[in-house]
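J.: Sequence plus predicted model, see below.
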Amino acid sequence: MKIQSALGITERFDRCVDAADLDRRARDLLKLRFRRSAEDLFAPLDELYGAHRDFAAVREELLAALVDAQRERPEALRLRDLACDLEPDWFLRPGMAGYVFYLDRFNGNLAGVLDKLDYLEELGVSYVHFMPCLKPRPGDSDGGYSVMDYREINPALGSMRDLETVTEALAARGMSVCLDLVLNHTAKEHAWAERARQGETAFQDFYWMFDDRKLPDAYDRTLVEVFPAHAPGNFTWHPDMGKWVWTTFNEHQWDLNWSNPRIFLEIVKVMLFLANRGVAVLRLDAVAFMWKRLGTRCQNEPEVHLILQALRAASRIVAPALIHKAEAIVSPRELIPYLGQGRHSGKEGNLAYHNSLMVQFWSSLASRQTSLMTHVLRTHFPESFVNATWGTYLRCHDDIGWAVTDEDATAVGLSGPRHRAFLADFYTGRHPGSFARGGDFQSDPGTGDRRTNGSCASLSGLETALESGDAEAIDAAVHRILMGHALIASFGGIPLIYMGDELGLLNDHSYERDPHLRHDGRWMHRPPMDWARAERRHDRSSIEGRIHGGIRHILARRRDTPHIHAANPTEILDPGIEGVFAFARRSPVGPLVCLFNFSDRWLSIPARQLAAAGVREWRDRLADVDVVLEDDTLPFPPQGRIWLS
Ligand code: GLC
């Protein structure tokens, strides 16, 4: 961007600010923050839209929208903006831990959260993600990801006022709220889509529409299908309009046309509207798909990053207390830029899901081997990011895609196709000796790809163990679950606990009886909260007590272990012992060496090797006990986990 236009725009912004009903201090701060981020906002926008006929007008509207949003920002949130600007690492700290749930499945609706504040606080979470709760289309809404109104809450769950009440109540207990903002598409019932359908060309330009199959066919040559089994194809014919509409996901989810600067403007307004309701984290859904380019898969195109950087800059100007989480379930190479890289370091997303860590956890659990996990996490990921970190998780509401590349498999002597088939077989319980219970998802005979559904507990072996009543198998399943949580709590990032996993909730097949859900097997691992089982959480002899107590303990130890701060690099170690996964968190107070035993056997780790990795104290900071060495080795039980400083 040329200095000249930067100056021009700053002056124009100042004029908007001076005309607004804002007090002196708010004006000064807003101007300062504009100066901080104007370049980050307008350089990408110039690149994206500089040649677009509407851009000059949109740019002026954007300036006004930023000022309006600031004017509407409640005083308490302005104070939180200051706090977050003073302590920008607030979300990187060891005290952060997340809990993810559907409001209806948790406790009925938004107001129901107020009755469960003690439960959340006791678990030790500081961040709650309400799964999609903006007004969805009627009927099947892809779990709420088919939104017809971004400014309204799903009436079945409450109102915007309820959202504000709940975010305030949570904030008073130190908990932030994360909400989904779907960026790639709206429901076909959204007002924009309705107007497009009525023939308004300005709104047809909000989406990707084609009169005939020429371009769809051309794009289709390189596109892949996201839901090949239940929603094949990427385009949907609408006879009422006489147009093909781009629908990457379901037929009712119309892809937004981000090459139109008006979409950017509208989404900024929505984003700031939600920020002003007290939302602290926006989970930007399906971002990889936002930019279309002929001849490509239309995923992770460079323009996606420009858009996300510009969105980030807009929120830094108006609502610095808001952070952005990118939902991009893509390969490591494609994923890392979502957390900012090179000149964009610290300026794109603040959070992204560590899909590889999740996949590798399940892969090692099944194979009892860790060389692939060590190789992948060591080779493809930087040790730290600037002002950004991972969301670490074992399970979420989506299926698991066995994202292991042929190259990585070969590097450790495995066959990619065979290992992926093994994992799909293992986690559906088809592999002989498997402890897991799960279901196939979107099997694609063409590519041989099979994804997997299942709850954390069922995939970890709890369901089969309970059926057999084998105490040892139950024990192993509980330890697998706890080892996983100890892993995501120490790896670096915000550990995200998926509702029910803290109680060992099993696969739930009730969705098969619901006509709106039965086509989508992901509902298998979205069971309603079981409050009767939650009642048993303090009984340490019960399964619920062991898992809930174990996770509570892990989060409490995490809070007390400063090494875990997400800004501290995570160096993957190669212990050279098959079955052990290890990393060191390099912190100013010395390293924290974390080890996990994925094998079914007792292993011995030479003390010498641990000392070489920086261990100075023979104390396990996770169990909070001293470690007893035997013959200069550390005895390490199956499913063991240990944090040594
Ligand atoms: C994201 C969501 C997934 C949804 C898709 C389409 O991937 O996690 O549940 O189906 O976006 O919105």
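T.: Arrived safely. This structure is a prediction, so every number in the text was calculated from the model and none was measured.

J.: For burial, what's the neighbour tally of the closest residue to Glu407 other than its chain neighbours?
T.: With C-beta to C-beta, 6 or more residues apart in numbering as the criterion, Glu407 has its nearest non-adjacent residue at 7.7 Å, and that residue is Gly416. C-beta coordinates here come from the backbone N, C-alpha and C atoms, glycine included. The local packing count at Gly416 equals 15, with neighbours defined by other C-beta atoms under 10 Å.

J.: Tell me who's in contact with Gly416.
T.: With C-beta atoms under 8 Å, 6 or more residues apart in numbering as the criterion, the residues that contact Gly416 are 404-410.

J.: At the contact with the ligand, which residues of this protein appear?
T.: 142-143, 145, 182, 249, 285-286, 327, 397-398 (C-beta under 6 Å from any ligand atom).

J.: Mind checking which of those are in strands?
T.: Among those, the members falling in strands are 182, 285 (criterion: DSSP state E).

J.: and which of the residues of the chain next to the ligand is nearest to the ligand?
T.: Using C-beta to the nearest ligand atom, Tyr145 comes nearest to the ligand of the residues of the chain next to the ligand, at 3.2 Å.

J.: what's the burial count for that closest one?
T.: Using other C-beta under 10 Å, Tyr145 has 22 neighbouring residues.

J.: I'd assumed His252 was in contact with it.
T.: No - look at Tyr145 against His252 with C-beta atoms under 8 Å: they stay out of range, at 10.1 Å.

J.: what mean pLDDT would you report for stretch 23-42?
T.: Model confidence over stretch 23-42 averages 97 on the pLDDT scale.

J.: Buried residues, that stretch. List them.
T.: By neighbour count with 16 or more other C-beta atoms under 10 Å, stretch 23-42 contains the buried residues 26-27, 29-31, 33-34, 37-38, 40-42.

J.: Just put those residues in CSV and tack on secondary structure and distance to Gly95.
T.: Formatted as CSV, the entries for the buried residues of stretch 23-42 read as follows, by DSSP: H, G, I helix; E, B strand; the rest coil; distance: C-beta to C-beta, whole Å:
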residue, secondary structure, distance to Gly95
Ala26, helix, 30
Arg27, helix, 34
Leu29, helix, 27
Leu30, helix, 30
Lys31, helix, 33
Arg33, helix, 26
Phe34, helix, 31
Ser37, helix, 27
Ala38, helix, 33
Asp40, helix, 28
Leu41, helix, 31
Phe42, helix, 36
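
J.: As CSV, these with distance to Ala196 would be great.
T.: Converted to CSV, the buried residues of stretch 23-42 look like this (distance: C-beta to C-beta, whole Å):
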residue, distance to Ala196
Ala26, 38
Arg27, 39
Leu29, 39
Leu30, 35
Lys31, 38
Arg33, 35
Phe34, 33
Ser37, 32
Ala38, 33
Asp40, 32
Leu41, 28
Phe42, 29
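
J.: Report the two of those residues separated the most.
T.: The two members of the buried residues of stretch 23-42 with the most space between them (C-beta to C-beta) are Ala26 and Phe42, at 22.2 Å.

J.: what helices or strands is the least confident helix or strand in the chain by mean pLDDT leaning on?
T.: Across the helices and strands of the chain, the lowest-confidence element by mean pLDDT, DSSP states H and E is helix 3-19, at a mean of 83. In this structure, helix 3-19 makes packing contacts with helix 24-49, helix 55-72, judged by 3 or more C-beta pairs under 8 Å, 6 or more residues apart in numbering; DSSP states H and E.
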